[in-house]
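Colleague: sequence first, predicted model second:
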There are 2 protein chains.
Amino acid sequence: VYPLSAFAASHPNLVIDAADVDAMQGAIKVPGRFRNAFLSTQSSVDAGLQQPFIVPVPADAGGGYTHEQHKKNYQLMYNAGVLFQITQDPKYAERVRDMLLAYADLYPTLPLHPKRRPDADNPGKLFWQSLNEAVWLVYTIQAYDLIRPALNDEEAEKIEQGALRPVVKFLSVDSPATFNKVHNHGTWLTAGVGMAGYVLDEPEWVEQALLDLDKSGKGGFLRQLNTLFSPDGYYNEGPYYQRYALMPFVTFAKAIENNEPERGIFEYRDGIVMKAIDTTIQLSYNGLFFPLNDAIKSKGIDTSELVLGVTIAHGESANPQLLDIAAQQNQILLTGDGLAVAQALDAGKQEPYQFKSTAFRDGKDGDEGALVVMRQQANGDQALVFKPAAQGLGHGHFDKLSWQFYDRGAEIVTDYGAARFLNVEAKNGGRYLPENETWAKQTIAHNTVVLDETSHFDNNLQFANQHYPTLKFFHADDQVKISAAEIDSAYPGVTLIRTLALVNSPENQSSYAIDLFEVTSGKIHQIDLPVHYSGQLVDTNFALRGFTDGISALGKNNGYQHLWLKAAAKPSAGLAQITWLNDNGRFYTQSSLVDGDTQLLFTELGANDPDFNLRSEKSFIARREHSQTHTFVSVLEPHGEYNPAKEFTLGAASDIQGLSHKQVGEIELVAIENKNGSTQLLAFNRSASASSESKNQFEFRGNRYAFSGRAKLFQITN
Amino acid sequence: VYPLSAFAASHPNLVIDAADVDAMQGAIKVPGRFRNAFLSTQSSVDAGLQQPFIVPVPADAGGGYTHEQHKKNYQLMYNAGVLFQITQDPKYAERVRDMLLAYADLYPTLPLHPKRRPDADNPGKLFWQSLNEAVWLVYTIQAYDLIRPALNDEEAEKIEQGALRPVVKFLSVDSPATFNKVHNHGTWLTAGVGMAGYVLDEPEWVEQALLDLDKSGKGGFLRQLNTLFSPDGYYNEGPYYQRYALMPFVTFAKAIENNEPERGIFEYRDGIVMKAIDTTIQLSYNGLFFPLNDAIKSKGIDTSELVLGVTIAHGESANPQLLDIAAQQNQILLTGDGLAVAQALDAGKQEPYQFKSTAFRDGKDGDEGALVVMRQQANGDQALVFKPAAQGLGHGHFDKLSWQFYDRGAEIVTDYGAARFLNVEAKNGGRYLPENETWAKQTIAHNTVVLDETSHFDNNLQFANQHYPTLKFFHADDQVKISAAEIDSAYPGVTLIRTLALVNSPENQSSYAIDLFEVTSGKIHQIDLPVHYSGQLVDTNFALRGFTDGISALGKNNGYQHLWLKAAAKPSAGLAQITWLNDNGRFYTQSSLVDGDTQLLFTELGANDPDFNLRSEKSFIARREHSQTHTFVSVLEPHGEYNPAKEFTLGAASDIQGLSHKQVGEIELVAIENKNGSTQLLAFNRSASASSESKNQFEFRGNRYAFSGRAKLFQITN
Ligand SMILES: [Zn+2]
Ligand SMILES: [Zn+2]
């Protein structure tokens, strides 16, 4: 027989401790955000308590009835537990007790879940996969901790022996592969088991959770902290999964801090937990996460995981900029940290959160490429996302060196994100759709180079996970943000180097995203560079005529089979310009240098999609046939305004009349000639080793220019 | 020589009078909305005054440089005139004076505009068409009225003789066809000339403006008020043109009221000006006008014309509901009425504006059909628009008996609106696109029946303008809004009768849009009934497989050439269900009764669109071949919620498992069987002559039921 967990005095002590409870009991008597949040939770829990509870025998997969019911159950138990502590009303503790007793009856009878995937290595019992079972434990152990003082020993013993200990055992010693796995599933399992260790007074479980079942440090929570985040707090599956992974990290970290402050968990690895929270915020635009890898686009900073992250981070740092995010989240947690956020917001202490231009290094040692975010204010809030990052495991996309562009609140140059309708049964049971593999992950679905209609790494995930781009440089000053990266493993014998810059010229009120993409190969290839754009095509400066009576799929495989070819053109040498109008009311012109041998293919997504699973999105593809080496040079220019509500249209035409690019030694020059005769000249040093002290000089149109450091934007007026 | 206009004492007296000026002078000293609006206008006009002014020789058509410059000029003159009155600062009057003197130099030299349309009957001189010239006069005569006190007689004489009188002459006696035309162009001309009559003390001009050049009453402003609006204040071109037409109506009416209150212009024709303003508001959803006929979709209640309309209407009525609209418009005019709105809003006097279910009769005598709006609150704000209205002249669409549906802020069953990018030069000079004729006006672009791939009235506008549907009935109670209409002239020898109902059942939290469309003909036809929907196709309850490698245009003419056929199915007899997911996060299922002989064609817009002028919108078309008579029976059901941000999906599947329709005598029954076994039974009396006292009874599943009046929704639980 195991010992019963300790005295009432030591409960609760996970995310919420006794001092938090005292403070919350006082705060609910005072008008303000915290009291409002309390009343709202109380009203919803009280409504739940009107209904009898149901602990069904597990039958359904994700999204199905029993799955959702068990999710509702742990959420209700957690909230009722919190309300018990705040109000001391026994009805809340009784409901949690009764539900836990029902779980204690049920759990020992359960085989593996009937809907587990065939040959799955991570089945659950209550749920189809052990991940969900671990989430159940994370919530339920907190609920138990919160109501433990209201239980007699007999009840506690039944619940611990019938439900909690068996779940812990099932998720730890009976699931060693998943428990020890350095992966977010592992984080949930170790967090649940470790927190149970604190509550049930089993220090061994805590040790195992932190250090692997064998306490070697090869797996476990600390290893996950060492490995799953880069030194800059970037999670290599991207922000969509980062915010998801965040939940068990911050929850368990907070529980560790409360129980064993001497571990200094928030200082661990130079404050990696805090960095991970902040980076998650940084990887958003207009409240939504950048849709990198398998991301569903509507996820953003108001997700429950980041509410918890911001709340706990504010509790640790009292950083007033986090309050700006908390204000946008508009959701106050019933915890001690939540109370501090509520009181600080009530007192108007928030300060504007600063989104920064940053290269977030990828890889546990920070040397596996980077995710680069460039931002500027230029008649609106602009962000350029450049992705020379690592693959990002199974949810990663074959999108090396891809980019996205955002302006005035909208996606302009887009990434499809994931092909999935979350929990919509009719759409492949709510799971990832087949088109996630055949389209969303493929290279052609991204704004990067595709050779020979074949995706990067030839879609070989294992190979992809072992290779990554090199960040050549990143630089940001007021006028110029610029970064370059290189990869030679995406295609055998081919080197891809991309330089992206986001610049602004206050003198002529313009801003540009400048793109140089060098492809170097020893063999002949077909080279495609797509731009997926959001908006209505408005104009091209070359003859373009859409196909009229019939259209066909552009290709056969690797995503090309999903593109309807709607038009094709081969502009003559010079400047090729394509203008579209976004729903944000601004025009965007892509101007590119062509030599007469570049085709432009205009496509719409939706071919070979018999189940209507794909959204109808648009792109144009610059295609070079029979090329060994080619540099794509292009500039994206936001301009003008379309305002039919107020009946005016301004600047619908591009202001660019010429574009040139040349390289002299290590200096590259991109000259953008405006219609007013002025020239915006971007000069940069392409050498990875250039420093901020480097002195550079060059000649342009017969004049000599100099700059120091990485790059400079010259405005030349004639 | 003409007499000079009267003494300073009588200026200004058009929309703004001396009492208004007094009040505004006081109000700008007090913090509040009015002072803010004043400061904002002052700051923008002061910035304008920093620049030299330009009165260019007319050269460009709509959207071009000289066109836009002359527009800016009259706006600046008007605003500077208002600021002169409020501040008495001579700099404002001097700028207006100098610009008017420049116009007085220029205007006499001008031939007809070089960019007038060949063989146009309405050319302008400053602008390519006389309409714009009249708008110039409406603004400019007000500016002149406002600064007249600052002019000496010599200046006034030069301006009047050189610019104002020649423009009046050009727009009246030299443009008799347009001036006398009962059409919104005529309203602008008569408003400009009539207001000039007040300012220049030419009562004859006022008489001509009110009663036709020959004062017969066959044309002129009063005739326009008699004819252009229905007795319910509906303007037969639809709300997009209604708000545009509103501007000269309310401006001139206000000027008449200030100068000749004895005319009782706001009481004229039972208060038609006020009704027209209110109806314009009613014809909106979520701030945007219903996109009937040639409408650009982003126009809504915040347009400048309706700001003026609401401001003047509030000045007349002091109706606090208008303040709710004014608050949404968030734009305070610098007039006496604008001041009253600002002060009332500052005092928090607004009351929620009531949107009503109404049949707005069409035609000057109210007997040319109707535009029917049904609204209800059912888990969100719903509106069903049914259009048995008249053609609506040249901007009308061939869309008899069409409908639209709105829910939770979004378009669900849509109308394309106009094919136009307003003022975007690259898109056909910013004018209506060719696709406005070939797609947007065609019947297949609407949610109504098309026979033999031919549009209503065979696209004959003249014939269409002479024929209209008959409104059979309209009824609205808490649970049931229902209306039916009939037309037998859309196709020769064919009678179309449509009944649309919007119902809600509080017991089971459901709401439905019910559609019965009867087609009766003596000959064999192909009958198509499209539903243009907004969202992503989620599910069908019949086998459906999209074409994979190639798609073709559905037809050759009358809009069919623009539809890509993406999939086709012929569901077996019973219930055919199609579910889509709107961006508002709600699911919508169209359930229809089929007998095994109805094809369902799934289309996407964009074929035969070489210039990429059309938006990619989606529809499904129910098609009956070789039919003389057919009744389409269908129900649109909003359900569930898709919330990927919060990671839940509820009610993604339809709750309908059966549908039946029968008619016994004058009683029609539509029974909707829910999956929980209950039945929602809509019973209505189809006779046009049924009254609210009619007693109806019927038998259903062996039981007898009775109801009085038009219709009743029975909930039957077994
Ligand atoms: Zn992607
Ligand atoms: Zn239409």
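Modeller: The structure has been received and is ready for your questions. Ligands and ions are numbered 1, 2, ... in the order given.

Colleague: mean confidence score for the longest strand along chain A?
Modeller: Using DSSP state E, we find that the single longest strand of chain A is strand A:510-533. On average, the pLDDT along strand A:510-533 is 97.

Colleague: that strand near ligand 1 at all?
Modeller: No: contact of strand A:510-533 with ligand 1 (Cβ under 5 Å from the ion) is absent, the minimum separation being 9.8 Å. For every residue, glycine as well, the C-beta is placed using N, CA and C.

Colleague: helices and strands of chain A: which one bottoms out on pLDDT?
Modeller: Least confident element among the helices and strands of chain A, by mean pLDDT, DSSP states H and E: strand A:648-650 (a mean of 89).

Colleague: would you mark the buried spots in that strand?
Modeller: When burial is assessed from 16 or more other Cβ atoms under 10 Å in any protein chain shown, strand A:648-650 yields the following buried residues: residue A:649.

Colleague: just checking, what packs against the helix or strand following it?
Modeller: Proceeding C-terminally, strand A:648-650 gives way to strand A:656-664 as the next helix or strand, assigned by DSSP states H and E. Helices and strands touching strand A:656-664, as assessed by 3 or more Cβ pairs under 8 Å, 6 or more residues apart in numbering or on different chains; DSSP states H and E, comprise strand A:574-581, strand A:587-594, strand A:618-639, strand A:667-674.

Colleague: so the residue in the stretch 401-550 of chain A that ligand 1 sits nearest to is in which element?
Modeller: Sorted by distance to ligand 1 under Cβ to the ion, the residues of the stretch 401-550 of chain A start with residue A:415, at 4.6 Å. For residue A:415, there is no host helix or strand (DSSP H and E).

Colleague: on that earlier part again, for the longest strand of chain A, list the C-alpha coordinates in CSV.
Modeller: Below are the C-alpha coordinates for strand A:510-533, written out as CSV (Å, rounded to 0.1, in the frame of the first residue of the first chain):
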residue,chain,number,x,y,z
SER,A,510,7.9,54.4,-49.7
SER,A,511,8.6,51.0,-48.4
TYR,A,512,9.8,47.9,-50.2
ALA,A,513,10.5,44.3,-49.7
ILE,A,514,13.5,43.3,-51.8
ASP,A,515,14.1,39.7,-52.7
LEU,A,516,17.3,38.3,-54.3
PHE,A,517,17.2,34.5,-54.9
GLU,A,518,20.4,32.9,-56.3
VAL,A,519,20.2,29.4,-57.6
THR,A,520,23.5,27.7,-58.5
SER,A,521,23.7,24.2,-59.9
GLY,A,522,26.0,22.2,-62.0
LYS,A,523,23.1,20.7,-64.0
ILE,A,524,20.2,21.9,-66.0
HIS,A,525,16.9,22.4,-64.1
GLN,A,526,13.5,23.9,-64.3
ILE,A,527,13.4,26.6,-61.7
ASP,A,528,10.1,27.9,-60.3
LEU,A,529,9.7,30.7,-57.8
PRO,A,530,6.1,31.2,-56.7
VAL,A,531,4.5,34.2,-55.0
HIS,A,532,1.2,33.3,-53.2
TYR,A,533,-0.7,36.5,-52.9
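
Colleague: now find how far off-centre that strand is within its chain.
Modeller: 25 Å (Cα atoms, centre = their mean, to the nearest Å).
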